[in-house]
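**Q** I need the structure of the sequence given here:
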Amino acid sequence: MAMMTITDAAGDFLAYKVKLVSLQLKKSDGTLVETLPASTTVDFAQLVDLTEILSARQIPPGDYVAAQVTVDFTSATIMADDGTGTGVAVKPVDSSGAALGQLQLMVQLDNKNDLKINAAKASRIAFDFNLLASNMVDLTAKTDTVSPTLVASVVPIDSKQIRVRGEISAVDTANSDYTVNVHPFHDNDGNKLSPLVVHTTDSTTFEINGKPFAGAAGLAQLATLPADTIAVAFGNLQTSDQTFTATSVLAGSSAEGGGFDHIVGNVVARNGNTLTIHGARMDGHGGGDNDDDDFIAGNSTVNVAAATAVTADGQSSATPAHTIAEISVGSLIDTFGTATKDNSGKVTLDASAGRVRLDLTHVQGSLRGSATGDITLNVKSIDRQPVSLFSFTGTGSGADTDPTKYVVATGALNVSSFSVGELVLSIGFVNPFGKAPPDFNAVSVASATMGGNDNCDNNNCMCPDNSGSGDGNNNCTCNGNSGGSGSNNCMCSGDGMDDGNGNCMCSGDGMDDGSGNCTCNGNSGGSGDNNCPNNGANNAASAELDIDWGNSGTTKPFKSLTASKLDLDVTNGSIGSNHEIETNPQNIDLESLATDVSLMGAGSGMTLFSITGQHGRETRNFGSFADFEAALAADLDGTTTALRLTADGMYDAASNTFTAQRITILLSN
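**A** Numbers count the residues shown, from 1 in each chain. Next up is the predicted model:
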């Protein structure tokens, strides 16, 4: 079986909907095998913090060396973020300014890591559509020049939460699992027959037809649903056998298209029982292809009442009960009810006899100070929306919330590593309306990182409970058995089996007692603290680098290229409008640097280095930095020009070195 997943690197878009027409895997002998049962519409803007399972089909055994992907921009909906939170609709065009239609993209896998399919073991290929590298937006002309950059790897390239959606075909309570026919994103065309088994545990939470359950009780309730009911599961893949285990499941009318009209978005104002939602996404009650996942620019209205049923993300039982009093300004909510649209296109959803689910909200801001049990932030954004959109009238028990002095209750979370001025990400729930301060109740706090906030340092990122079999605390979003007695083991895709603290984003067997093992791909095996590539060493910080060389490009983007590093030429006269390193807490203008930045490849972890062609539309992928550099040096032959480069990794200002987990460079051919 081959499992296809897709995600997206961050870019400045509120919506980026295109049609995925075909996804064919290519054998070494040139044979193409279609893996996508039917075309599907993808909104890549929703995949910045999430990976979606596209398909899990049985395909012929063999070695597959490439993928051929067809996308269609003919009816694309692209909303660029202009900083206001409302966005600007832009038209996709090619480098000559012509409108885009269907494009065929070829993705070459790393020749040292091709996709091997056999009957005995499931395999995975992960695709990443890099929005930042793929698009150049002109807000004045309202155009988006698209050079699609789709990379792929058979080894994990990130640690994002994974979502699988589909129709339930069987429930096996004895083995604690159920099977769905995968229908990715929001489609309900009935054509996709791609069965996938979803495993559950005692700690898996369920919301089914608006009612919360956990473990065996939830699975038993799932078994009572009619055949072909839609279920949406969030969880992780085991790296050893590619099995999927759910941490939470939504089913029946708790999923979009389950009989209610559905709106999801942030509350930007509340007046009594009237909620104003900005930048909402809407699905119709039938879940048909013509009413799914519509982005609503501007404001929508949701009306609630005492009879509105309220649940919270991760809720496992009917108690404690939740009410509409908990919905406040900033809250990210899923609302279910009856929607109407007026002549101007404004949407109003009546949820007075419907329901609301409180989702985990992401608040990002610079740290002003800390005290026992709380921190104070100068808030910049709430779920990526600028704080200027939010009206905090009515939020306080005395004075209303002041976003420049936003009090986050942190409880027992360790916040000692944060410094004043540092950009901090807090995940949790807004305090009930009229009850601030505190303004927010955190379940996790982390240093805000670039490229989608994948990394969760040592501070409990998105941890619903203790997933381990031992007595460790807050083992979170872990894909294996954390099993030891350590605290804060977070986003681990291997067997933690250790007693260290803060093991974060580890895709191998931690098997050690050290603290802070982060982004580690193998057995770190020692007893030291913070065994993590560039974690704090030499003042390195998580960062994203973006540079372009205009429409014409440059034949000499680097002063020098070696198997160990690329030295960017920061004085190159062709440098365009993008030339910065985005890091915490400030951005660095590459042209302001006195010396050239050295780009190096990370020695371990989830590395992927890619070269893509603007005209040939072929992307070559490399797990080895040396292999990537050799191919790039051959391409830059004095005629070929470099147009844009993006990278994610760690930046050390002292040595002016950028150590990259991922690099993508766009060339003119």
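**Q** so where's the stretch 251-400 of the chain uncertain?
**A** In the predicted model, the stretch 251-400 of the chain carries pLDDT under 70 at residues 257-258, 286-293.
**Q** pretty sure I277 sits against N303.
**A** No - the criterion here is Cβ atoms under 8 Å, and I277 misses it with N303 at 11.1 Å. C-beta here means a position set from N, CA and C on the backbone, and glycine is covered the same way.
**Q** A122 reaches Q242, doesn't it?
**A** Yes - in this structure, A122 is within contact of Q242 by Cβ under 8 Å, at 4.0 Å.
**Q** of I277 and N303, which one has the most company?
**A** I277 (26 against 17; other Cβ atoms under 10 Å).
**Q** before we move on, what SS does the more buried one have?
**A** Three-state call for I277 (DSSP: H, G, I helix; E, B strand; the rest coil): strand.
**Q** got the contact list for it?
**A** With contacts defined as Cβ atoms under 8 Å, 6 or more residues apart in numbering, I277 is in contact with I263, G265, N266, V267, V268, N299, S300, T301, V302, I333, T335.
**Q** wait, which of those is closest to T204?
**A** Lowest distance from T204 to those (Cβ to Cβ) belongs to I333, with 22.5 Å.
**Q** the closest one against V268, yeah?
**A** No - in this structure I333 lies outside contact range of V268 using Cβ under 8 Å: 11.5 Å.
**Q** buried sites along stretch 598-614?
**A** By 16 or more other Cβ atoms under 10 Å, the buried positions in stretch 598-614 come out as 598-602, 605-614.
**Q** most widely separated two among those?
**A** The farthest-apart pair in these, when distances are taken by Cβ to Cβ, is G605 and Q614, at 28.9 Å.
**Q** just the mean pLDDT for the helix or strand hosting R662, thanks.
**A** Assigned by DSSP states H and E, R662 belongs to strand 657-667. Averaged across strand 657-667, pLDDT comes to 94.
**Q** oh, and call the first residue 6 from now on, that's how I've got it
**A** Let's use 6 as the start, then, which means that last one is strand 662-672.
**Q** can you get me the start-to-end distance on stretch 190-204?
**A** 20 Å (Cα to Cα, to the nearest Å).
**Q** model confidence score at G515, please.
**A** On the pLDDT scale, G515 gets 33.
**Q** relative to F134, how far out is L155?
**A** Distance of L155 to F134, computed by Cβ to Cβ, to the nearest Å: 5 Å.
**Q** please disregard the earlier target; I meant G67.
**A** Noted for G67: a distance of 26 Å to F134, by Cβ to Cβ.
**Q** the more surrounded of those two?
**A** A side-by-side neighbour count of G67 and F134, using other Cβ under 10 Å, places F134 first with 24 against 17.
**Q** now that one: how far from A659?
**A** Distance of F134 to A659, given as Cβ to Cβ: 34 Å.
**Q** what's the answer for R622, then?
**A** With distances taken as Cβ to Cβ, R622 is found 40 Å from A659.
**Q** with neighbour numbers in mind, choose between these two.
**A** Neighbour count, other Cβ under 10 Å: between R622 and A659, R622 has more, with 17 against 8.
**Q** need the contact list for the more buried one.
**A** L108, Q109, L110, M111, P153.
**Q** this protein: helices as residue ranges?
**A** Secondary structure of the chain by DSSP state H: the helices cover 136-139, 220-227, 630-640.
**Q** so in terms of bridging, what pairs with the closest residue to Q320 other than its chain neighbours?
**A** Of all residues not flanking Q320 in the chain, P217 sits nearest, at 4.2 Å (Cβ to Cβ, 6 or more residues apart in numbering). Using DSSP bridges, the bridge partners assigned to P217 are E212.
**Q** pLDDT wise, what is F49 at?
**A** Here the pLDDT value assigned to F49 is 86.
**Q** touching, it and A20? I think so.
**A** No - at 9.0 Å, F49 does not count as touching A20 under the criterion of Cβ under 8 Å.
**Q** go ahead and confirm A228 touches V176.
**A** Yes - counting by Cβ under 8 Å, A228 does reach V176; the two are 4.0 Å apart.
**Q** from F190, how far out is the closest residue to T415 other than its chain neighbours?
**A** Of all residues not flanking T415 in the chain, A447 sits nearest, at 5.1 Å (Cβ to Cβ, 6+ apart). Distance, A447 to F190, by Cβ to Cβ: 30 Å.
**Q** same drill for the two, tell me which one is more crowded.
**A** Neighbours around A447 and F190, counted as other Cβ under 10 Å, are more numerous at A447. The numbers are 25 against 19.
**Q** that one: what's it in contact with?
**A** A447 neighbours (Cβ under 8 Å, 6+ apart): V413, A414, T415, G416, L418, S431, I432, G433.
**Q** now with 10 Å, please.
**A** Shown in contact with A447 (Cβ atoms under 10 Å, 6 or more residues apart in numbering): 366, 368, 379-380, 413-416, 418, 420, 429-434, 464-465.
**Q** which among those residues count as buried?
**A** For the contacts of A447, a burial check counting by 16+ other Cβ under 10 Å picks out 366, 368, 379-380, 413-415, 418, 420, 429-434, 464-465.
**Q** ok, longest strand in this protein?
**A** strand 67-85 (DSSP state E).
**Q** that strand pairs with which strands?
**A** Note on strand 67-85: by DSSP bridges, its sheet partners are strand 18-32 (antiparallel), strand 93-94 (antiparallel), strand 107-113 (antiparallel), strand 120-122 (antiparallel).
**Q** still on that earlier bit, could you dump the contacts of I282 to TSV with distance to T324?
**A** Listed next are the contacts of I282 as TSV, based on distance: Cβ to Cβ, whole Å:
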residue	distance to T324
I268	27
G270	28
N271	27
V272	25
V273	31
N304	34
S305	31
T306	31
V307	25
I338	21
T340	23
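**Q** so which of the residues you listed sit within strands?
**A** I268, G270, N271, V272, V273, N304, S305, T306, V307, I338, T340.
**Q** could you single out the nearest of the contacts of R622 to A356?
**A** P153 (38.8 Å).
**Q** residues contacting that closest one?
**A** Contacts for P153 (Cβ under 10 Å, 6+ apart) come out as 23, 74, 76, 78, 97, 105, 108-110, 134-136, 138-140, 617, 619, 622, 624, 671.
**Q** filter those to the buried ones?
**A** Neighbour counting with 16+ other Cβ under 10 Å marks 23, 74, 76, 78, 97, 105, 108, 110, 134-136, 138-140, 617, 619, 622, 624, 671 as buried within the contacts of P153.
**Q** report pLDDT for the closest residue to N118 other than its chain neighbours.
**A** Counting by Cβ to Cβ, 6+ apart, N118 lies nearest to V159, which is 5.2 Å off, once chain neighbours are set aside. Looking at V159, its pLDDT is 80.
**Q** and V159, what is it in contact with?
**A** Contact analysis of V159 by Cβ under 10 Å, 6+ apart lists 7, 69, 114-115, 118-121, 128-131, 626, 628.
**Q** can you redo these as CSV with distance to P42?
**A** Below are the contacts of V159 laid out as CSV (distance: Cβ to Cβ, whole Å):
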residue, distance to P42
A7, 13
Y69, 18
L114, 22
D115, 27
N118, 26
D119, 24
L120, 19
K121, 23
S128, 18
R129, 18
I130, 16
A131, 19
N626, 25
G628, 30
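**Q** nice, that's everything, thank you.
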